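**Q** build me a model:
(one chain, ligands or ions: 1)
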Amino acid sequence: MSDEQSTSFEATGKFPAVRMRRLRHHPAVRELVRSTRLTPAELIQPLFVREGRNIRNPIASMPGQAQISPDLLADEVSQAAELGLGGVILFGIPSRKDAVGSEAASDDGIIPRAVRMAKQAAADVLVITDLCFCEYTDHGHCGVPTNATGRIDVDNDATLRLLAEQAVAHARAGADMIAPSGMMDGMVAAVRRGLDEAGFAHVPIMSYAAKYASAFYGPFRDAAESAPQFGDRRSYQMDPAAAAEQALREVELDLAEGADLVMVKPAMAYLDIVRAVHQRWPGVPLAAYNVSGEYSMVKAAAAQGWLDEPRVVVEMLTGIKRAGAGIILTYWAKDLARWLD
Ligand code: PBG
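**A** Reported below is the predicted structural model:
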């Protein structure tokens, strides 16, 4: 027997001495050799907050999810605390939209008010704020639109200034972490500088570093009332068919600009990207966003009796974690914490 063969025998063994099924026979052995475990502490629950009092508007395309007013947020955040979730991420639906999303930088805007309510209800729950303009602009784009080049586009550098202002308004209200999601070049550096200058050097940034122009965001745009009124987001969000290495460049740039945590979004169709980022930067906390369309697909099939929702969700999220994401943003965070219990 050659050395090479004996090494490979040691590594893989041979039937009948080796039977893989032995590790699967006893449930306790299966449990013992499990290496991917989901815990509530790594799950982030997205929440949609809108102006008003005592409002809970169910989102038709996302069964189980609702737009809620800040007063009802207290209850949601207390539940997150009881369930031991990793945190919540807030999306705001303002009552007033305009071309530059001016409401976004106001200390009385929907997100600052929601953050204050959340912090009052459960000071220890991590409150992350999504930082973007699509919910605040009447055109629904993630920044200041321009057609300077004859093509519909978003003015990158004009948007950066506004993003920094919005981030500072969130931090002043008590946001624990800021998550810029607009895919503007230089956005992490701009937000970092804004926060530092305003005395928030301790507030971490979780960057939507590799965010794709995805059809899986469809239901979210109803939930956040943020659908673009003209054109699409392909001039700033990534092309799903771009080389995977482009995502690595995006992550590398965001890290160089000061991102503390990075995100890949969506999750399921981009597990190769999750894997590649995790392998390249094993020490960087990596989040994956299990987006609205991924949620709604399963909900729709489960409602028909075609899928077993809890089992499918655990399997999906296990896959996302196994690919390398240590943090998962998911609309199932609360449900899953209960199922795991
Ligand atoms: C805002 C934003 C979007 C999502 C998160 N932040 C929508 C978009 O980019 O169009 C999508 C989340 C989801 O689909 O669950 N820029």
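
**Q** so does stretch 249-265 get close to the ligand?
**A** No: in terms of C-beta under 6 Å from any ligand atom, no part of stretch 249-265 sits within range of the ligand; the closest distance is 7.0 Å. Yep, even glycine has a C-beta here, placed from its N, CA and C like the rest.

**Q** buried sites along that stretch?
**A** Of all the residues in stretch 249-265, those buried under the rule 16 or more other C-beta atoms under 10 Å are 250-251, 253-255, 257-265.

**Q** for the stretch 1-150 of the chain, which spans come out with low pLDDT?
**A** Within the stretch 1-150 of the chain, the stretches with pLDDT under 70 are 1-11.

**Q** let's see it at 50
**A** 1-5 (pLDDT under 50).

**Q** who's in contact with the host helix or strand of residue 145?
**A** If you go by DSSP states H and E, residue 145 is part of strand 144-146. Contacts to strand 144-146, defined as C-beta atoms under 8 Å, 6 or more residues apart in numbering, come from residues 99-100, 133, 137, 139, 152-155, 158-159, 162.

**Q** how far away from the center of its chain is that strand?
**A** In terms of C-alpha atoms, centre = their mean, to the nearest Å, the centre of strand 144-146 is found 25 Å from the chain centre.

**Q** please renumber so the chain begins at 168
**A** All right, first residue 168 from here; so that's strand 311-313.

**Q** which residue ranges of this protein form strands?
**A** 210-217, 223-225, 233-235, 254-260, 294-298, 311-313, 320-322, 344-347, 373-378, 428-432, 453-457, 494-497 (DSSP state E).

**Q** in a markdown table: the ones you listed, plus distance to residue 244.
**A** Listed next are these as a markdown table, based on distance: least, C-beta to C-beta, whole Å:
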| stretch | distance to residue 244 |
| --- | --- |
| strand 210-217 | 8 |
| strand 223-225 | 15 |
| strand 233-235 | 11 |
| strand 254-260 | 6 |
| strand 294-298 | 8 |
| strand 311-313 | 32 |
| strand 320-322 | 32 |
| strand 344-347 | 15 |
| strand 373-378 | 18 |
| strand 428-432 | 21 |
| strand 453-457 | 19 |
| strand 494-497 | 16 |
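
**Q** the strand holding residue 312 pairs with which strands, and in what direction?
**A** strand 320-322 (antiparallel) (DSSP bridges).

**Q** which outside residues touch the partner strand?
**A** With C-beta under 8 Å, 6+ apart as the criterion, strand 320-322 contacts 308-315, 351, 402-403.

**Q** quick check: residues of the stretch 368-508 of the chain near the ligand?
**A** 384, 387-388, 400, 458-459.

**Q** now, which of these sits nearest residue 216?
**A** Nearest to residue 216, judged by C-beta to C-beta, of these is residue 387 at 14.1 Å.

**Q** ok so, going back, reformat the residues of the stretch 368-508 of the chain next to the ligand as JSON lines; add pLDDT and neighbour count.
**A** Listed next are these as JSON lines, based on pLDDT from 0 to 100; neighbours: other C-beta atoms under 10 Å:
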{"residue": "384", "pLDDT": "97", "neighbour count": "23"}
{"residue": "387", "pLDDT": "94", "neighbour count": "26"}
{"residue": "388", "pLDDT": "90", "neighbour count": "16"}
{"residue": "400", "pLDDT": "92", "neighbour count": "20"}
{"residue": "458", "pLDDT": "98", "neighbour count": "25"}
{"residue": "459", "pLDDT": "98", "neighbour count": "25"}
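
**Q** would you point out the most distant pair within these?
**A** Going by C-beta to C-beta, the pair spanning these furthest: 400 and 459, at 14.6 Å.

**Q** which parts of the stretch 218-367 of the chain are helices?
**A** 237-250, 277-288, 323-340, 354-364 (DSSP state H, counting those that start in this stretch).

**Q** so which bits of the longest one are buried?
**A** Looking back up the chat, that one is helix 323-340. 323, 326-327, 329-338, 340.

**Q** my read: residue 387 touches residue 393, true?
**A** Yes: contact criterion C-beta atoms under 8 Å: residue 387 and residue 393 qualify, at 7.5 Å.

**Q** how about stretch 290-300, does it reach the ligand?
**A** Yes: against the ligand, stretch 290-300 shows contacts by C-beta under 6 Å from any ligand atom at 297, 299.
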